[in-house]
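1. Dropping a prediction and its sequence here:
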Amino acid sequence: MVASRGKAPGKGDSRYWLQAGKLVSDARWGGAFACRIQSQGRREFFPLRTTNKATAAAKASKIYNDVVALGWDAAIAKHKPETLRDTGKPATVGELIEVACAASSARKHSLEAYSKAFRRVVSEVAGIHDGRKFDAFKGGTKEWRERVDAVPLASLLPADVQAWKNRRLRKAESDPLAKRRAITTVNSLIRNAKALFGKKVLPFVEQKLTIPRPLPFNDVGMEKGPSLRYVSKVDAYAILARAREELAESEPEAFKVLILALVCGLRRSEIDHLLWRTFDFSRGLLHIENTEYHQLKSEDSAGEIDLDADTAALFKGFRARAPKSLFVIESPNAPRAERKARCYRCNAVFERVNEWLRIQGVDTMKPLHTMRKEIGSIIASEHGIFEASRYLRHSDIRITSAIYADKKKTVTPKAFAGLLASTESNVIPMPSDEIQTVPSILQPKKQRA
């Protein structure tokens, strides 16, 4: 039977489920179909256990009709009884994390970030404030995690999460800078925690656990974040010159780290496991790629960085001093790729560079990453935002524009040139303490020492 013109079939009609995109299948299920039923503000995933699309569509329509006629609990008991095997023991935070991480294809470092964010939100919502949370050696961390993981998912209502968010923001209301940081933190926690309930993960989680509705983060919105645009407050040229004087000979590892961040624009994780074989001195290139020791942030992070003659010669000299070294940055620590949490083999060197940069006036939370932002701004000023995005290996040029590219050139309207020139009769004196000078990094290169 063909539906009458102008009236599409409803979900209770098998023809609705025969439409493109209404049924899903996956090779991991042997090609069997499944459907998502949404009704009365609730959505559930149902495996249909057949590879025949017509049969699957008929099953999906029957399930929908049972949901409407019998209610959710009865429909689930009838069509997905395996999910009710633990009805006497509601799903917990720990179970959700375990099953969601197993179902997700995200990097292990990302999964660790998602889990940490969710546990942090849960602990603050549930009032689990254990002073021994960071006492890993004496079991404090383990005890705190076990308490959080035991919290029933059903107890985490969106209203409670929303109230938690508002408490955090109001606590910082009196201090504009603290409010900016609070918004950034809250948004980060919500964004990461929500990933455990993502559309690509939840259908597989629901095959293992009965997930209560509404989900903990339903309708909990993100706050409008403050501008993250980088504003340069340092003289990168002076820092580079001073580093050559103070670090090149006495602390070569710290000097190499600084050059890789400030000149080459590498991330800390990329520096940490950078191999000498990625340098192509004959062509003046540095290849950023996945290796057996390091997985890049994303596929877009791979690329080639052009090395100027001085930088290539500098690293060629360092290579000659340690011909048997595998890694560019020497460290007594071996790679620890098996760990879930990110652990830098060169962390001591990174901390030393951060300490040195703060002495030079780089007063930020992540001084080394600030050097990456500096070179991004310099490239954008000299070659344009597109080249800066390619140099930093961003997946989207909007990231470069919104965050990394500070204005390095002086921009003034030429239309009024000469109209405000001083004469003996209209000079307006300015107090000496209000006279501002252009930072050296904005001056033409010929004027920089």
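-> Thanks, I have the structure now. Numbering: from 1, shown residues only.
2. where do the strands sit along this structure?
-> Using DSSP state E, the strands of the chain run over 24-25, 33-39, 42-47, 279-280, 285-288, 303-306.
3. which other residues reach the second one?
-> Residues outside strand 33-39 that contact it (Cβ atoms under 8 Å, 6 or more residues apart in numbering): 11, 17, 22-26, 43-48, 50-51, 53, 56, 59-60, 63-64, 67-68, 72, 203. Just so you know, the C-beta spots here come from the backbone N, C-alpha and C atoms, and that holds for glycine as well.
4. my guess is Ser25 meets Gly31, correct?
-> Yes: using Cβ atoms under 8 Å, Ser25 is in contact with Gly31, at 5.6 Å.
5. burial count for Val108?
-> Actually, residue 108 is Lys rather than Val. 16 (other Cβ atoms under 10 Å).
6. What's the separation between it and Ala195?
-> 13 Å (Cβ to Cβ, to the nearest Å).
7. what do you get for Arg277?
-> On the measure of Cβ to Cβ, Arg277 and Ala195 end up 34 Å apart.
8. if you count what's nearby, which of those two comes out ahead?
-> Ala195 (20 against 10).
9. who's in contact with the more buried one?
-> Ser104, Ala106, Ser110, Tyr114, Val201.
10. Can you tell me which of the residues you listed is closest to Asp149?
-> Tyr114 (14.3 Å; Cβ to Cβ).
11. State the distance from the closest one to Ser123.
-> 15 Å.
12. which of the two has more neighbours?
-> Using other Cβ under 10 Å, the more surrounded residue of Tyr114 and Ser123 is Tyr114, with 24 against 19.
13. So the more buried one is in contact with Ala193, correct?
-> Yes: Tyr114 is within contact range of Ala193, at 6.6 Å (criterion: Cβ under 8 Å).
14. Against Val220, how distant is Val122?
-> Val122 is 13 Å from Val220, by Cβ to Cβ.
15. Looking at the two, which is more packed in?
-> Val122 (26 against 20).
16. For that one, give me its contacts.
-> Val93, Ile128, Val148, Val151, Leu156.
17. Which members of those are the farthest-apart pair?
-> Pairwise over the contacts of Val122, using Cβ to Cβ, the maximum falls at Ile128 and Leu156, 12.4 Å.
18. Send over stretch 384-398 as CSV, restricted to the C-alpha atoms.
-> Coordinates of each C-alpha in stretch 384-398 appear next as CSV, following Å, rounded to 0.1, in the frame of the first residue of the first chain:
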residue,chain,number,x,y,z
GLY,A,384,48.4,35.8,6.7
ILE,A,385,45.9,33.8,8.8
PHE,A,386,45.8,30.8,6.3
GLU,A,387,49.5,30.2,6.5
ALA,A,388,49.4,30.5,10.3
SER,A,389,46.6,27.9,10.4
ARG,A,390,48.7,25.5,8.3
TYR,A,391,51.8,26.2,10.3
LEU,A,392,50.1,25.4,13.6
ARG,A,393,48.3,22.5,11.9
HIS,A,394,44.8,23.4,13.0
SER,A,395,41.8,21.4,11.7
ASP,A,396,39.8,24.6,11.1
ILE,A,397,41.1,28.1,10.3
ARG,A,398,38.5,29.5,12.6
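19. Return the set of buried residues in it.
-> Ile385, Ala388, Ser389, Arg390, Tyr391, Leu392, Arg393, His394 (16 or more other Cβ atoms under 10 Å).
20. ok, how many other residues are close to Val353?
-> 26.
21. sorry, back to before: can you tell which of the strands of the chain is closest to Ala163?
-> Going by Cβ to Cβ, the one of these nearest Ala163 is strand 42-47, 22.6 Å.
22. picking that back up, now list the buried members of the contacts of Ala195.
-> Buried among those (16+ other Cβ under 10 Å): Ser104, Ala106, Tyr114, Val201.
23. Quickly name whichever of those is closest to Cys264.
-> Ala106 (27.3 Å).
24. Would you mind giving me the confidence score for that closest one?
-> According to the prediction, Ala106 has pLDDT 87.
25. that older thread, would you format the contacts of Val122 as TSV with distance to Val263, pLDDT and neighbour count included?
-> TSV is the format used below for the contacts of Val122 (distance: Cβ to Cβ, whole Å; pLDDT from 0 to 100; neighbours: other Cβ atoms under 10 Å):
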residue	distance to Val263	pLDDT	neighbour count
Val93	45	94	26
Ile128	46	84	16
Val148	43	92	23
Val151	48	91	19
Leu156	47	88	23
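26. closest to Ala334 among those?
-> For the contacts of Val122, the nearest to Ala334 is Val148 (31.8 Å; Cβ to Cβ).
27. I'd say that closest one and Ala126 touch.
-> Yes: the criterion here is Cβ under 8 Å, and Val148 meets it with Ala126 at 7.5 Å.
28. pretty sure Ser155 contacts Val148?
-> No: here Ser155 lies out of contact with Val148, judged by Cβ under 8 Å, at a distance of 12.0 Å.
29. Report the set of residues contacting both of those two.
-> In contact with both Ser155 and Val148: Ala126, using Cβ under 8 Å, 6+ apart.
30. Kindly export stretch 259-271 (C-alpha atoms) in PDB.
-> The C-alpha trace of stretch 259-271 is given here as PDB (Å, rounded to 0.1, in the frame of the first residue of the first chain):
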ATOM      1  CA  ILE A 259      62.900  26.500  20.000                       C
ATOM      2  CA  LEU A 260      60.500  23.700  19.100                       C
ATOM      3  CA  ALA A 261      57.600  25.600  20.800                       C
ATOM      4  CA  LEU A 262      58.500  29.200  19.800                       C
ATOM      5  CA  VAL A 263      60.000  28.700  16.400                       C
ATOM      6  CA  CYS A 264      58.400  25.500  15.200                       C
ATOM      7  CA  GLY A 265      55.100  25.900  17.000                       C
ATOM      8  CA  LEU A 266      54.900  22.400  18.400                       C
ATOM      9  CA  ARG A 267      52.600  21.300  21.200                       C
ATOM     10  CA  ARG A 268      54.100  19.900  24.400                       C
ATOM     11  CA  SER A 269      53.000  16.400  23.700                       C
ATOM     12  CA  GLU A 270      54.600  16.600  20.200                       C
ATOM     13  CA  ILE A 271      57.900  17.800  21.700                       C
END
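31. So what touches it?
-> So stretch 259-271 is contacted by 236, 239-240, 243, 257, 274, 286, 288, 294, 296-297, 301, 305, 307, 311, 314-315, 328-329, 342, 344, 346, 350, 353, 368-369, 371-372, 374-376, 379, 391-392 (Cβ under 8 Å, 6+ apart).
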